[in-house]
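A.B. asks: How does the following fold in three dimensions:
(chains A and B)
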Amino acid sequence: MRGRSVGGTAPGALVDTVVVLVALAWLLPTLGLLVSSLRPAPDVAGSGWWTIFANPFDLTRWTLENYRHVLGQQGMGRAFFNSFLITVPATLLPILLASLAAFAFAWLDFPGRQVLFLAVVAFLVVPLQMTFVPILRIYSQSGLAGTLAGLWLAHTGYGLPFAIYLMRNFFASLPEEVFESAYIDGASPLSAFFRLALPMSTPALASLAIFQFLWVWNDLLVALIYLGGGAQTAPLTLKLSSLVGSFGQEWHVLTAAAFVSMVVPVAVFFALQRYFVRGILAGAVKG
Amino acid sequence: MQRGRAWAWGFTGPALLLVGFYLAYPTLGTVYLSFFDRRSQHFVGFHNYVDLFTSSAMRTAFRNNLLWLLVFTAATVGLGLVLAVLADRVRYEAVAKSVIFLPMAISFVGAGVIWKFIYAYRPATSAQIGLANQLLMLFGREPVGWLIERPWINNLALIAVGVWIWTGFAMVVLSAAYKGIPRELLEAARVDGAGEWQVFWKVSLPLLQSTVAVVATTMVINVLKVFDIVYVMTNGNFDTEVMANRMYKEMFQFRHFGRASAIAVILFLAIVPVMLANIRRFRQQEAER
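C.D. replies: Modelled structure (predicted):
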């Protein structure tokens, strides 16, 4: 996100102070979590995490024990694996289906195109709560309740409005001549989609993938509803929230567990931040 | 493009089917079920709605959602705007923005743990482990039970978590719009003798108006659906209930599908005006393209 500065001659010191203070305030919570997760249990319970900085090089005050504990005994390792199992298909499936639909909305002519597209976009703002009761009935009758497939499909359905909106806007911005000349050469819409549109859309696909990945990885509500409480299939968020319930005051467990759940999204965020921002700027609203 | 038609249904079909199944059909279904009893067997008219509007738990939830709406929206948009303008003037802009944007990558559940820890309460006589109370004690004040002190302190404490998560989003969007303002416009105002305040209020802000509206819309939608933070941190105890959490309870604890559906419908109705504004804005954008 580098743009030219529009700033002028402001009192520099004041601006610096405000920006630095806010940035520090925003960073401190996460830093405190990380530091705490690396301290022995009695220390975490007995003194504030900031006290460690009085003597930061005393290695007896640092430990990886909390991580060993949550990954092994508390089943966070299993949940970590589950999160991947849930997130990867629930990211790829909506991207594929949304791109196909978005391509049609942008470049194919069919009756009801505008109306259908607007209807899909309107679902961006439907609260998901609005959908749970009827879907759960069908799920429990058809045996989809508590299954991964059921969760994948649900995340796909819920993710589609935003994904279609984002991809359609991107496809529509591609130059018209490309597709026209392809059709004159006898290409079918399908080959125009796979050979022209998709390869030209890497930035949009990347931002969409990051969005959907973070959304699914960080989701609690949808998993809670469709997987139920304490299943073998529980993802990190579900596991973490049940640990909060049962280990309410045992901060060495909770901080390590929370950090385990954050590692992947934070890494994805830092590696691909630029695309993520681009996606936000293109779409701005997620359902 | 006549042959487009057959292809078009092949392209859009799978997506439309899923949107239909997961969003369109259940939205209608929920409206229908909201007029039935707890097991969806007997028609009860508006009974569920009357129940909800007269229950004290729901009144608390309405009040809190309103509080979220006002405080959360004002704080995220206001702070996002200030940061967008200020960060533009420092050399370490990219770093500062990344740091503020970072919580967007963290789940609400993770954020819930982080902040429960910050709000941890110990009596004044023992060492504090929560940052918030440690700061209070630095200033010679008594520690506060942040998540228990009702009704304002604990609700505001929860809202602060939401602000921590979403301010980065507001900042990024507003910052992009701010950088899109032609520099000459601001310079011209300065040359004419306008101070920085005046430049901001009279030139920048009017030009940012539509972006501010977009960001505020997003925040309003977020507020109405706020669930995870409350679910993890207080589960609605101590008068911190919100509508979405209430609905979850009606559905899974009390097994009252009628009332749960009615809450969803109320949430939906509250969002309809926002949705209409969204569609109108979208149409305008399309017209301008």
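A.B. asks: List the buried residues in stretch A:50-68.
C.D. replies: A:Trp50, A:Thr51, A:Ile52, A:Thr63, A:Asn66, A:Tyr67 (16 or more other C-beta atoms under 10 Å in any protein chain shown). All C-beta spots, glycine's among them, are computed from the backbone N, C-alpha and C.
A.B. asks: pLDDT on it, on average?
C.D. replies: The average of the pLDDT scores along stretch A:50-68 is 87.
A.B. asks: quick revisit: would you turn the buried residues of stretch A:50-68 into JSON lines with secondary structure?
C.D. replies: Rendered in JSON lines, the data for the buried residues of stretch A:50-68 read as follows (DSSP: H, G, I helix; E, B strand; the rest coil):
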{"residue": "A:Trp50", "secondary structure": "helix"}
{"residue": "A:Thr51", "secondary structure": "helix"}
{"residue": "A:Ile52", "secondary structure": "helix"}
{"residue": "A:Thr63", "secondary structure": "coil"}
{"residue": "A:Asn66", "secondary structure": "helix"}
{"residue": "A:Tyr67", "secondary structure": "helix"}
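A.B. asks: Excluding chain neighbours, give the residue nearest to A:Asn82 in space.
C.D. replies: Counting by C-beta to C-beta, 6 or more residues apart in numbering or on different chains, the nearest residue to A:Asn82 once its immediate chain neighbours are dropped is A:Pro235, at 5.0 Å.
A.B. asks: Any regions of chain B where pLDDT drops low?
C.D. replies: Filtered on pLDDT under 70, chain B yields the residue ranges B:1-4, B:275, B:278-279, B:282, B:285-289.
A.B. asks: Right, and chain A sits closest to which residue of it?
C.D. replies: Among residues of chain B, the one nearest chain A by C-beta to the nearest C-beta turns out to be B:Tyr22. It sits 2.7 Å away.
A.B. asks: check contacts around the residue in the stretch 51-200 of chain A that chain B sits nearest to.
C.D. replies: Scanning the stretch 51-200 of chain A for the residue nearest chain B gives A:Gly157, at 2.7 Å (criterion: C-beta to the nearest C-beta). A:Gly157 makes contact with B:Leu18, B:Val19, B:Phe21, B:Tyr22, B:Leu23, according to C-beta atoms under 8 Å, 6 or more residues apart in numbering or on different chains.
A.B. asks: at 10 Å what do you get?
C.D. replies: Contact criterion C-beta atoms under 10 Å, 6 or more residues apart in numbering or on different chains gives A:93-94, A:97, A:123, A:128, A:131, A:135, B:15, B:17-24, B:26 as the residues in contact with A:Gly157.
A.B. asks: List only buried entries from those.
C.D. replies: Among the contacts of A:Gly157, those classed as buried by neighbour count (16+ other C-beta under 10 Å) are A:93-94, A:97, A:123, A:128, A:131, A:135, B:15, B:18-19, B:21-24, B:26.
A.B. asks: Closest to A:Ile280 out of those?
C.D. replies: A:Pro94 (17.4 Å; C-beta to C-beta).
A.B. asks: which element is the closest one on?
C.D. replies: Per DSSP states H and E, A:Pro94 falls inside helix A:76-107.
A.B. asks: which element follows that helix toward the C-terminus?
C.D. replies: From helix A:76-107 onward toward the C-terminus, using DSSP H and E, the following helix or strand is helix A:113-122.
A.B. asks: Which parts of that next one count as buried, going by neighbours?
C.D. replies: A:Arg113, A:Leu116, A:Phe117, A:Ala119, A:Val120, A:Val121, A:Ala122.
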